[in-house]
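1. what's the 3D shape of this:
(chains A, B, C and D)
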Number of protein chains: 2
Amino acid sequence: MAYRKTERVEARLADNRQRILDAARRLVSEGGWAEAQISHVASAAGIATGSVYRYFPSKADLCVEVLSVVSQREVDVLEAIANSADAPCQTLHVAVSAFVERAMRNRRLAYALIAEPCDREIDEARLVYRHAISKQIMRIVKDGQAAGDFRADLDPSIAATVIVGGFMESLIGPLSPLNADFDRSGTHGPDAVRALASQIADVCCAAVTAQPGKAASSEPHPRRQA
Amino acid sequence: MAYRKTERVEARLADNRQRILDAARRLVSEGGWAEAQISHVASAAGIATGSVYRYFPSKADLCVEVLSVVSQREVDVLEAIANSADAPCQTLHVAVSAFVERAMRNRRLAYALIAEPCDREIDEARLVYRHAISKQIMRIVKDGQAAGDFRADLDPSIAATVIVGGFMESLIGPLSPLNADFDRSGTHGPDAVRALASQIADVCCAAVTAQPGKAASSEPHPRRQA
DNA sequence: TGAAGAAGTGAATTAGGGTTCACTAACTGA
DNA sequence: TCAGTTAGTGAACCCTAATTCACTTCTTCA
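-> Got it, this is the predicted structure:
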């Protein structure tokens, strides 16, 4: 009697929705949020402008979903790392350097998600994921404190926040399309990125390690990929 | 022959300009950048909308100047602290906690200047001052390394960036109008603010101190106002 | 096959502020 | 006081995208 979506249609709808998301993400990772205009997204997805609104109630919702998908993946990666059974110091080092290296792999997108000026609504969604990231870092910090590897006198929540802010800030320069510094400085291949990531991680680790003997030299940790 | 501004006129013009700046700053510190609409600023300054453009070529220029004036003062404060002859560890602690405490004194304005979403042009100006702040912190770090108080194995530029990002991030939560957490948590009087500032500074100091014996306990430093 | 319900379309509408500009008021120097 | 010049005014203009909506096309099912 009534109209019922057949499976094939359902699939097509889902596919369209995904295509819109993909198109939006692609545009953002090419030119930042400015490129994520509905008309652009629509044509990149091969549909009409108005059709986007069949799938997303507003531009903000679309953008927030783009941000969420990408950010959640990073949170998941950090969670996996936080679950590792390595020494807390090493775990933290791996977590931070993995985040930095992953961000540097898709710089424009990372810049958009982390630092680029944007609408209030997107910015608020950012906070959610920063908090989620901070939570994972805090877990590592607490574990380390429990194990006696990290200083017990620091508030784990504050320490985690400082660490997250610290590596995020360190990323802004290298990520920013404004600062082509990192580009111009010749070698910014995998090695340079890894070195940067390692140095940032060193500082973050230093912030919490109890440090009986002088740990954390220039190459203190085995290079592991997360 | 030609028209020459008399001193009295010159003074009035300067006064108008200042009134515009003051009005804009007041509006921003009440309701953030959204309040800094030209028409609002104009009426708050007691002049007509169009007159604002006699003094500032564009809204962006006006906003950037508001940001610059306030930010430069903070840079100056940090510079003075960085020049102190105290132990580097204490200098760093004072620098960070002074920044935090000062920001908390005018939270809405600090939030707008540090973290609120805004136009690209304002955001770019922010970077300039973040960099200036980072430079002062880096001076402290370098001094500390030279004095042997700070770990020599960390890149001072990266360490400074992490520290700046760290305390800025720690501020976002407490400053944000969204998170009324800090408000609701009852006591957020001078004591709570000082405690927060001190804890944040602890973490920042921990990131760089060479730490022969366990320094930086919960109340490691004399409470000095900067 | 055809009536009813969904999905797709894209040009037109809307909205919110920044910016302009034709005009008036005030000021300067002779 | 007057001609020339600058400051002040604020309603109208503009620009840019997001959003809407009347219409077309596609799907479903009896």
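
2. By mean pLDDT, point me to the weakest helix or strand of chain A.
-> Ranking every helix and strand in chain A by mean pLDDT, DSSP states H and E puts helix A:181-184 at the bottom, with a mean of 56.

3. Next secondary structure element downstream of that one?
-> Using DSSP states H and E, the helix or strand that follows helix A:181-184 towards the C-terminus is helix A:190-208.

4. Is that next one positioned near chain B?
-> Yes - contact of helix A:190-208 with chain B (Cβ under 8 Å from any Cβ of the partner chain) involves A:196, A:199, A:200, A:202, A:203, A:204, A:206, A:207, A:208. (Glycine included, C-beta is placed from N, CA and C.)

5. Show me what that helix is packed against.
-> Packing partners of helix A:190-208 (3 or more Cβ pairs under 8 Å, 6 or more residues apart in numbering or on different chains; DSSP states H and E): helix A:88-105, helix A:156-175, helix B:156-175, helix B:190-208.

6. Can you lay out those as JSON lines showing mean pLDDT, distance to DNA strand D and mean neighbour count?
-> Shown next, in JSON lines, are the helices and strands packed on helix A:190-208 (pLDDT from 0 to 100; distance: least, Cβ to the nearest atom of the strand, whole Å; neighbours: other Cβ atoms under 10 Å in any protein chain shown):
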{"stretch": "helix A:88-105", "mean pLDDT": "98", "distance to DNA strand D": "25", "mean neighbour count": "23"}
{"stretch": "helix A:156-175", "mean pLDDT": "97", "distance to DNA strand D": "22", "mean neighbour count": "25"}
{"stretch": "helix B:156-175", "mean pLDDT": "97", "distance to DNA strand D": "26", "mean neighbour count": "25"}
{"stretch": "helix B:190-208", "mean pLDDT": "96", "distance to DNA strand D": "37", "mean neighbour count": "22"}
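
7. Tabulate the residues of helix A:190-208 next to chain B in CSV, adding columns for distance to residue A:90.
-> Below are the residues of helix A:190-208 next to chain B laid out as CSV (distance: Cβ to Cβ, whole Å):
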residue, distance to residue A:90
A:196, 19
A:199, 16
A:200, 15
A:202, 12
A:203, 15
A:204, 12
A:206, 14
A:207, 15
A:208, 13
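
8. Take the residues you listed and lay them out in CSV including distance to DNA strand C.
-> CSV is the format used below for those (distance: Cβ to the nearest atom of the strand, whole Å):
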residue, distance to DNA strand C
A:196, 37
A:199, 41
A:200, 37
A:202, 43
A:203, 39
A:204, 39
A:206, 44
A:207, 40
A:208, 43
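
9. can you count the residues close to the residue in chain A that DNA strand C sits nearest to?
-> Here chain A gets closest to DNA strand C at one residue, residue A:50, 1.7 Å apart by Cβ to the nearest atom of the strand. If you count neighbours by other Cβ atoms under 10 Å in any protein chain shown, residue A:50 ends up with 10.

10. picking up where we left off before, for the residues of helix A:190-208 next to chain B, work out which two are farthest apart.
-> Within these, A:196 and A:208 form the most distant pair, 20.2 Å apart (Cβ to Cβ).

11. does any part of the helix ranked longest in chain A sit near chain B?
-> When chain A is parsed with DSSP state H, its longest helix is helix A:120-146. Yes - residues of helix A:120-146 contacting chain B under Cβ under 8 Å from any Cβ: A:120, A:123, A:124, A:127, A:130.

12. mind putting these in a markdown table, distance to DNA strand D, pLDDT and neighbour count included?
-> As requested, the residues of helix A:120-146 next to chain B are exported to a markdown table (distance: Cβ to the nearest atom of the strand, whole Å; pLDDT from 0 to 100; neighbours: other Cβ atoms under 10 Å in any protein chain shown):
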| residue | distance to DNA strand D | pLDDT | neighbour count |
| --- | --- | --- | --- |
| A:120 | 12 | 92 | 14 |
| A:123 | 15 | 94 | 17 |
| A:124 | 15 | 93 | 14 |
| A:127 | 20 | 95 | 15 |
| A:130 | 24 | 97 | 20 |
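
13. Which residues of chain A lie near DNA strand C?
-> Listed as neighbours of DNA strand C in chain A under the rule Cβ under 7 Å from any atom of the strand: A:2-3, A:5, A:9, A:12-13, A:16, A:47-51, A:53-55.

14. ok, so of those, who is nearest residue A:154?
-> Once Cβ to Cβ is applied, the member of those that ends up nearest residue A:154 is residue A:55, at 45.9 Å.

15. Next, count neighbours for the residue nearest to residue A:150 when sequence neighbours are not counted.
-> Leaving out its chain neighbours, the residue that sits closest to residue A:150 by Cβ to Cβ, 6 or more residues apart in numbering or on different chains is residue A:144, at 3.4 Å. Using other Cβ under 10 Å, residue A:144 has 24 neighbouring residues.

16. Same question for residue A:54.
-> Look at residue A:54: counted by other Cβ under 10 Å, it has 13 neighbours.
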